[in-house]
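Peer 1: Provided below for reference: sequence and predicted model.
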Amino acid sequence: IGTGDMAHALCHLFKNHNYKGQEHCLAVSKPGLTNRFLKNIPGFHDTGVPFVVLEDAIEISDIIILAVPASALKGLLGKYFPLLKNKVLVDITNSSIRGEDLHGMLGLTETPWVKAFNDNGAVDILLDKPFSKKPMVTTVCGTNLDAVDKVKQFAEEALGFTVKIVPSEQYDEIAMHQDSLGQD
């Protein structure tokens, strides 16, 4: 969910690395997209990743990457939580405000969530080439090990990342990992 720089960057990786015939698919959505609007749009930037109505995207997905500003997470969860609660949610935010992430909002619920992809900037990811000698590296952290494994597999197979799993006890160390040039 999201159409900003990080969503574009992750779609770029998908275009470059999901060539092995894996069963993975990726779609882009955000609140307010309608079928009428989507008829006239071929895909997201030059990635070939399609736009999909948000409710449809949530329904068909196992993993939902929340590529939205941290300040938007609470409203998004408030509106769509009944649809999202049984999905693996991926938080890529880097908020400097404690509790403004999935750990703070969902930490004690049964909803599976992980922290991932927040240790790479969109510009660095967009510079990735399909056959780079050095793969992009990311960390994945969460309390639900099945969710962590699902996101790790997707990140490696569909996005070309080398994944390091970080124990959930070290969550605070990776939560605000990426340095930012501006306000996210």
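Peer 2: Perfect, I can see it now. Numbers count the residues shown, from 1 in each chain.
Peer 1: spit out the contact partners of the nearest residue to residue 143 once chain neighbours are set aside.
Peer 2: Distances taken as Cβ to Cβ, 6 or more residues apart in numbering place residue 168 nearest to residue 143, at 4.6 Å, with adjacent residues excluded. Quick note: C-beta positions are derived from backbone N, CA and C, even for glycine. Residues near residue 168 by Cβ atoms under 8 Å, 6 or more residues apart in numbering: 141-143.
Peer 1: which SS state does the residue nearest the centre of the chain fall under?
Peer 2: The chain has residue 65 as the residue nearest its centroid, 2.8 Å off, counting by Cα atoms, centre = their mean. Here residue 65 is recorded as strand under DSSP: H, G, I helix; E, B strand; the rest coil.
Peer 1: from what I see, it and residue 10 are in contact.
Peer 2: Yes - proximity of residue 65 to residue 10 meets the contact threshold set by Cβ atoms under 8 Å, at 6.5 Å.
Peer 1: overlap in contacts, the two.
Peer 2: residue 117.
Peer 1: which of the contacts of residue 168 are buried, as a PyMOL select command?
Peer 2: In PyMOL, this line selects whichever of the contacts of residue 168 come out buried by 16 or more other Cβ atoms under 10 Å:
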select buried, resi 141+142+143
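Peer 1: check contacts around the closest residue to residue 35 other than its chain neighbours.
Peer 2: Nearest residue to residue 35, sequence neighbours excluded (Cβ to Cβ, 6+ apart): residue 53, at 6.0 Å. Going by Cβ under 8 Å, 6+ apart, residue 53 touches 29, 33-35, 38.
Peer 1: try 10 Å
Peer 2: By Cβ atoms under 10 Å, 6 or more residues apart in numbering, the residues touching residue 53 are 27, 29-30, 32-35, 37-38, 59.
Peer 1: again with residue 65
Peer 2: Contacts of residue 65 (Cβ under 10 Å, 6+ apart): 1-2, 6-7, 10, 26, 28, 88-92, 114, 116-117, 151, 154-155, 159.
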